[in-house]
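S.K.: When you get a sec, could you give me coordinates for this:
(2 chains)
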Amino acid sequence: MKIATWNVNSLKVRLQHVIDWLGESKVDALCLQELKLTDDKFPRAELEAHGYRSWFAGQKTYNGVAILVRDGLSVDEATVVRNIPGFEDPQQRVIAATVEGVRLVSAYFPNGQAPGSEKFTYKLAWLNAMHDWLAQEMQQHPQLALLGDYNIAPADRDVHDPKAWEGQNLVSPEERAQFERLIALGFVDSYRQFEQPEKMFTWWDYRMFAFRRNAGLRIDHILLSPALAPKLVACEIDKVPRKWEQPSDHTPVIADIHLAG
DNA sequence: ATGGCTTGCACCGCAAGA
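M.R.: Here you go, the predicted structure:
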């Protein structure tokens, strides 16, 4: 089963990119973030016409997450969850669904703006709630994958210029400690299970020709639970959609899991 | 140098992203 994550920065603007990419990648499930549209505007019919069913949690202007599932795969309708249970939040950042017996969580982690800011405090509170919920969720669903835009570059090798970024939002020690708390639950960073080229990133700023200069960060991740990690056979970043006309500033990450094996 | 782009919303400049 191929699963993927992609922050599309407006599904309205990026719908054709999503459709094109699904057609090429043929992933079984695609987790989307930053839909930036309300549920009534979600392009469910268009995606269905291209062979994918959708589950989504949207809102006006900001945030919004979805899970797209290729036709023919089983989805447990009764256990779809929106938001982090028990964490009151008007921001739509989480949706979870069980696909072929694998619990998929599509998450748009808060940006945080800057260490010390109110938004940073919210980010840390959100991360605490996510950690505690995942600890429970993993008991219920041993085969669990957490896919999304984490807004955290876990290590210096995930940063194009670690010196320039030192201590800043997305790389600060507090955020990295939160990432490590997820790892301490037993989660495995899919991308780092394999030898990878250096300077591989998933996000590049729109400004300053950042993509052309490869001035990026690796902030989109697929973490796998201990029960799922041994079934991982490949993980890659697909930089191609970032080169398309009017692209998202993020590009997809894909993990291939062999469930039968 | 706190800019530089892109989005949505609401009206032509602002917030927010990362």
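S.K.: Stretch A:34-49 - what's its average pLDDT?
M.R.: For stretch A:34-49, mean pLDDT is 98.
S.K.: now what about that stretch, what contacts it?
M.R.: With CB atoms under 8 Å, 6 or more residues apart in numbering as the test, stretch A:34-49 has contacts from A:7-12, A:15, A:18-19, A:22, A:53-54, A:56-66, A:68, A:108, A:149. For every residue, glycine as well, the C-beta is placed using N, CA and C.
S.K.: My guess is residue A:1 contacts residue A:26. True?
M.R.: No: applying CB atoms under 8 Å as the test, residue A:1 and residue A:26 come out as separate, 11.4 Å apart.
S.K.: which of the two has more neighbours?
M.R.: Just comparing residue A:1 and residue A:26: by other CB atoms under 10 Å the higher neighbour count belongs to residue A:1, 20 against 10.
S.K.: Would you point out which residue is most central in chain A?
M.R.: Chain A has residue A:148 as the residue nearest its centroid, 1.0 Å off, counting by CA atoms, centre = their mean.
S.K.: That residue - nearest residue in space that isn't next to it in sequence?
M.R.: Once flanking residues are discounted, residue A:148 sits nearest to residue A:107: 3.7 Å by CB to CB, 6 or more residues apart in numbering.
S.K.: element containing that neighbour, please.
M.R.: Using DSSP states H and E, residue A:107 sits within strand A:102-108.
S.K.: what residue ranges in chain A are flagged as low confidence?
M.R.: Across chain A, the ranges flagged by pLDDT under 70 are A:261.
S.K.: quick check: longest helix of it.
M.R.: If you go by DSSP state H, chain A has its longest helix at helix A:118-140.
S.K.: How far does that helix sit from its chain's centre?
M.R.: When C-alpha coordinates are averaged (CA atoms, centre = their mean, to the nearest Å), helix A:118-140 and its chain have centres 15 Å apart.
S.K.: immediately after it, which helix or strand?
M.R.: Toward the C-terminus, helix A:118-140 is succeeded by strand A:144-149 as the next helix or strand (DSSP H and E).
S.K.: got the buried residues for the very next helix or strand once past that next one?
M.R.: Downstream of strand A:144-149, the first helix or strand assigned by DSSP H and E is helix A:162-165. The neighbour-count check on helix A:162-165 (16 or more other CB atoms under 10 Å) flags residue A:165 as buried.
S.K.: What of stretch A:113-131?
M.R.: Buried residues in stretch A:113-131, defined by neighbour count with 16+ other CB under 10 Å: A:115, A:120, A:122, A:123, A:124, A:126, A:127, A:129, A:130.
S.K.: which ones are touching the first one?
M.R.: Okay, so that is residue A:115. The contact partners of residue A:115, by CB under 8 Å, 6+ apart, come to A:167, A:168, A:169, A:172, A:174.
S.K.: And for stretch A:121-137, what's in contact with it?
M.R.: Residues from elsewhere that reach stretch A:121-137 (CB under 8 Å, 6+ apart): A:84-87, A:89, A:93-94, A:96, A:103, A:105, A:107, A:109-112, A:144, A:146, A:151, A:174-175, A:178, A:181-182, A:185, A:187.
S.K.: same check, this time on stretch A:58-65
M.R.: Stretch A:58-65 has contacts (CB under 8 Å, 6+ apart) with A:11, A:31-39, A:41-42, A:56-57, A:66, A:90-95, A:106-108, A:148.
S.K.: out of the contacts of stretch A:34-49, which are buried?
M.R.: Members of the contacts of stretch A:34-49 classed as buried by 16+ other CB under 10 Å are A:7-9, A:11, A:18-19, A:22, A:54, A:56-59, A:63-66, A:68, A:108, A:149.
S.K.: what about residue A:194, how many neighbours?
M.R.: 11.
S.K.: mind listing what it touches?
M.R.: Taking CB under 8 Å, 6+ apart as the criterion, residue A:194 is in contact with A:234, A:235.
S.K.: Done for today, thanks.
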